[in-house]
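Undergrad: what would the 3D arrangement of this be:
(2 chains)
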Amino acid sequence: MLKYVIKRIIMVPFLLIAIAAFVFILLNLSAADPVLMMMPSEYTQEDYDATAKEFGLDKSKPEQFVNWVVDAVQLDFGTSYKSKAPVSDEVLFRVPVSLKLALITTLIMIAIGVPMGVMCAVKQYSVYDNIVNVLSKFLASIPGFWLGLMLIIVFSVDLGWVPSHGMNGFKSWILPVFTFLLPYLGNYVRQVRSAMLDCIRQDYVRTSRAKGQKESVVIFHDTLKNALLPIITLTGGTFASMIGGAVMIEQVFAFPGIGLKVLEGINNRDMPVILACTMILALFTIGAQLIIDILYAVVDPRIRSTFSKKKKDNTPKLATEGGIK
Amino acid sequence: MGEKLLEIKDYSVTFTSDKVDFYAVNHVNLTVEKGEALGLVGETGAGKTTTALSIMGLLSKYGTKTDGEIWFDGKQLTGMKEKDYRKIRGKHISMIFQDPMTSLNPVFPVGNQIADVIKIHNPKMNQNDVNSKVDEIMKMVGISAERKFDYPHQFSGGMKQRIVIAIAIACNPELLIADEPTTALDVTIQAQVIKMMRQLQQELNSSVILITHDLGIVANFCDKVAIMYGGEIVESGTLEDIFDKSLPHHPYTIGLFNSLPNIAEKTERLKPILGLTPHPSELPQGCKFHPRCPECLDKCKSGDIPSLYTDGTHCIQCHLYHKEDA
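TA: So this is what the prediction gives:
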């Protein structure tokens, strides 16, 4: 198990370099010459060469890439073409904001979504199930910007309970988190419900009932643990997509997250910014994936046993057991 | 005659799905005495498992209508509160399920799954006692106690069935319902499992309802036999009543025996019962077996269910043996 995790962690840097190379090539395929874009409308060849030299763009492409990698390892992501400021200063302080937003939203999503989805599965086709079903479809189809604006109008403009934008203190997080959460929650509840439904009709659930087990234990212990695999996948994937996917929320609530910066970078063809943000998002996606895989093994012994080599085998096998695997 | 442990009186189950009624069990009467093994025999879809689940109170609540009474040890199970029923399940009545591959929870070690049932019914027992009880039960079913930390996927089918049996017998139930315990196993393992179940039954002095379609196992294991067809019990009696060919039998029972290969006569083909089991949503009028019955009379095709022909412990639900009266 530990060996597997270490193996996966060793893979991470190579994966990141591969992603960086891919993004680098894609960006360089776009025809625009970055030096030209930085030039004023009237310029001399000397100006051009000086700027190219300043940004290291006079070197060959492979050389540029290697230089970028060497700097990036030291958390120096180069200088923004647009603002001429170090990209690290512009991007890195945004990471905790995006991370915090995604983390809080995910935790609330689990806390509300799992019990709701489980109850839907337990009371399938009941009034409760139908109401939640309609509600979650409704939530999943609300556009985020509209929801954000409506919440601002009601809770900050009319009622004045929470600030409408900015990032000062606990209260200012409430609206962004909920605006972010609700569309995801709709989908999440429905997925948890279907994961539970897959398990709830299984024979082992009946076995558990036949033991005289309490219904609550049957559902939340015996059945839910089996339904956790798809739920973990969904949760991890959602979390990873939330980190870079909060553009709308960051825009509406003026939150300095990473999503907006990517968008800005793309609009300006600002390659160092795009690369830096892509790397950070990739790192979190890979991290989330790693955690998902580890949790898989924690939850499901069948996966665990494919990871770990057969431990000391001192149990005498009966003739009916198929010998060495 | 022993003491009555389980009594099913005029019990019926109807499932409703998409406005179609499925008559799964129809007016079944059954008694099981203490220490007795009853074989419940019938084709797939005859209502055997539904009857068993009814005794356990594990039928799905939705779209299910039941009628009649089930009594266990002086208590009425039908209509019992769920909270009280839970105290009976696993402790007084327990069930061995048909498919050992899917009956065990894949994400918990088997030892925990056995310990669960002990802990549920002995909440005050301390962990050490529970553990030693688990070891003891695993030894009873012939699995080394060291393997209790293993997960179901690390066991073969026959071993899984032993674990399922271990869960069922963990609290020394008075009544053990074995729903085709050997169907999913291959023949050599079948014999082992049946032999083990019989030993356990003698050690624990439990009553057993053995659901099967294997008449060989019935002959081996049971004291009494009930033959089910179309949700009804068409013939019942002691093992001798059913297996003695010189006695009168329901045509379905005769068909069942004829469809077994016989070593004495060298026949090219087996003699199956022609036709198919009726679908529980379209049971025929009159006697449920008449469309397939080689000795079908006019009165079989309509009217009520034939009345019982009884001879001591032997009951047959067929018009054939009322010829003189008609």
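
Undergrad: low-confidence stretches in the stretch 151-300 of chain B?
TA: For the stretch 151-300 of chain B, the stretches with pLDDT under 70 are B:267.

Undergrad: so which residues on it come close to chain A?
TA: B:Tyr151, B:His153, B:Gln154, B:Phe155, B:Ser156, B:Gly158, B:Met159, B:Val164, B:Ile167, B:Ile189, B:Gln192 (C-beta under 8 Å from any C-beta of the partner chain). C-beta: built from backbone N, CA, C; applies to glycine.

Undergrad: ChimeraX command to pick out the buried ones of those residues?
TA: In ChimeraX syntax, the buried subset of those is picked out as below (16 or more other C-beta atoms under 10 Å in any protein chain shown):
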select /B:151,154,155,156,158,159,164,167,189,192
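
Undergrad: of the residues of the stretch 151-300 of chain B next to chain A, just say which sits nearest to B:Pro306.
TA: Proximity of those to B:Pro306 (C-beta to C-beta) peaks at B:Val164, which lies at 38.2 Å.

Undergrad: turn the residues of the stretch 151-300 of chain B next to chain A into a markdown table, including secondary structure.
TA: Output for those, formatted as a markdown table (DSSP: H, G, I helix; E, B strand; the rest coil):
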| residue | secondary structure |
| --- | --- |
| B:Tyr151 | coil |
| B:His153 | helix |
| B:Gln154 | helix |
| B:Phe155 | coil |
| B:Ser156 | coil |
| B:Gly158 | helix |
| B:Met159 | helix |
| B:Val164 | helix |
| B:Ile167 | helix |
| B:Ile189 | helix |
| B:Gln192 | helix |
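
Undergrad: nearest to A:Leu197 among the residues of the stretch 151-300 of chain B next to chain A?
TA: For those, the nearest to A:Leu197 is B:His153 (22.8 Å; C-beta to C-beta).

Undergrad: how about the closest one, nearest residue that isn't a chain neighbour?
TA: Closest residue in space to B:His153, ignoring its immediate chain neighbours: A:Arg302 at 5.0 Å, by C-beta to C-beta, 6 or more residues apart in numbering or on different chains.

Undergrad: and if you look at A:Asp222?
TA: A:Ser208 is the one closest to A:Asp222 (C-beta to C-beta, 6+ apart), at 4.5 Å.

Undergrad: so who does that neighbour touch?
TA: A:Val217, A:Val218, A:Asp222, A:Thr223, B:Asn105, B:Asp116 (C-beta atoms under 8 Å, 6 or more residues apart in numbering or on different chains).

Undergrad: doesn't the fourth one fall inside a helix?
TA: Yes - the assignment for A:Thr223 (three-state DSSP) places it in a helix.

Undergrad: count of neighbours near it?
TA: Using other C-beta atoms under 10 Å in any protein chain shown, A:Thr223 has 24 neighbouring residues.

Undergrad: quick one: contacts for it?
TA: A:Thr223 touches A:Met196, A:Cys199, A:Ile200, A:Gln202, A:Val205, A:Ser208, counting by C-beta under 8 Å, 6+ apart.

Undergrad: was I right to think the first one contacts A:Ala227?
TA: Yes - with contact taken as C-beta atoms under 8 Å, A:Met196 and A:Ala227 are classed as touching, separated by 4.8 Å.

Undergrad: what's the closest of the residues of the stretch 151-300 of chain B next to chain A to chain A?
TA: Closest approach between those and chain A, by C-beta to the nearest C-beta: B:Tyr151, at 4.1 Å.

Undergrad: where's the residue of the stretch 1-150 of chain A found nearest chain B relative to A:Val70, distance?
TA: Closest to chain B within the stretch 1-150 of chain A is A:Tyr125: 7.8 Å, counting by C-beta to the nearest C-beta. Distance from A:Tyr125 to A:Val70, counting by C-beta to C-beta, to the nearest Å: 61 Å.

Undergrad: burial count for A:Ile10?
TA: Neighbours around A:Ile10, by other C-beta under 10 Å: 9.

Undergrad: list the contacts of stretch A:148-168.
TA: A:97, A:171-176, A:178-179, A:248-249, A:252-256.

Undergrad: nearest to B:Lys245, of those residues?
TA: A:Phe178 (77.6 Å).

Undergrad: in contact with that closest one, which residues?
TA: So A:Phe178 contacts A:Leu151 (C-beta under 8 Å, 6+ apart).

Undergrad: could you pull out the helices in the stretch 101-250 of chain A for me?
TA: Remark: helices assigned in the stretch 101-250 of chain A by DSSP state H, counting those that start in this stretch are A:127-140, A:144-151, A:171-200, A:203-210, A:215-217, A:224-244, A:247-253.

Undergrad: can you put those in CSV and add mean pLDDT?
TA: Listed next are the helices of the stretch 101-250 of chain A as CSV, based on pLDDT from 0 to 100:
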stretch, mean pLDDT
helix A:127-140, 92
helix A:144-151, 87
helix A:171-200, 91
helix A:203-210, 92
helix A:215-217, 91
helix A:224-244, 91
helix A:247-253, 85
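
Undergrad: double-check that B:Ala24 belongs to a helix.
TA: No - counting by three-state DSSP, B:Ala24 falls outside a helix, being strand.

Undergrad: burial of it, as a residue count?
TA: With other C-beta under 10 Å as criterion, B:Ala24 counts 25.

Undergrad: re the thing from before, nearest residue to the residue of the stretch 1-150 of chain A closest to chain B other than its sequence neighbours?
TA: B:Tyr62 (7.8 Å).

Undergrad: what residues sit buried inside the helix or strand hosting A:Glu264?
TA: Here A:Glu264 sits within helix A:258-267, counting by DSSP states H and E. Across helix A:258-267, burial judged by 16+ other C-beta under 10 Å covers A:Ile258, A:Gly259, A:Leu260, A:Lys261, A:Val262, A:Leu263, A:Glu264, A:Gly265.

Undergrad: before we move on, what about stretch B:194-212?
TA: So for stretch B:194-212, counting by 16+ other C-beta under 10 Å, buried means B:194, B:196-197, B:200-201, B:204, B:206-212.

Undergrad: specify which member of those residues is nearest to chain A.
TA: Nearest to chain A among those, with distances taken as C-beta to the nearest C-beta, is B:Met196, at 12.3 Å.

Undergrad: residues contacting that closest one?
TA: Contacts of B:Met196 by C-beta under 8 Å, 6+ apart are B:Val141, B:Gly142, B:Arg162, B:Ile165.

Undergrad: the second one: what secondary structure?
TA: With three-state DSSP as the basis, B:Gly142 sits in coil.

Undergrad: helices of the stretch 51-200 of chain B, start to end?
TA: So, for the stretch 51-200 of chain B - with DSSP H, counting those that start in this stretch - the helices run B:82-88, B:100-103, B:110-121, B:127-140, B:157-169, B:187-204.
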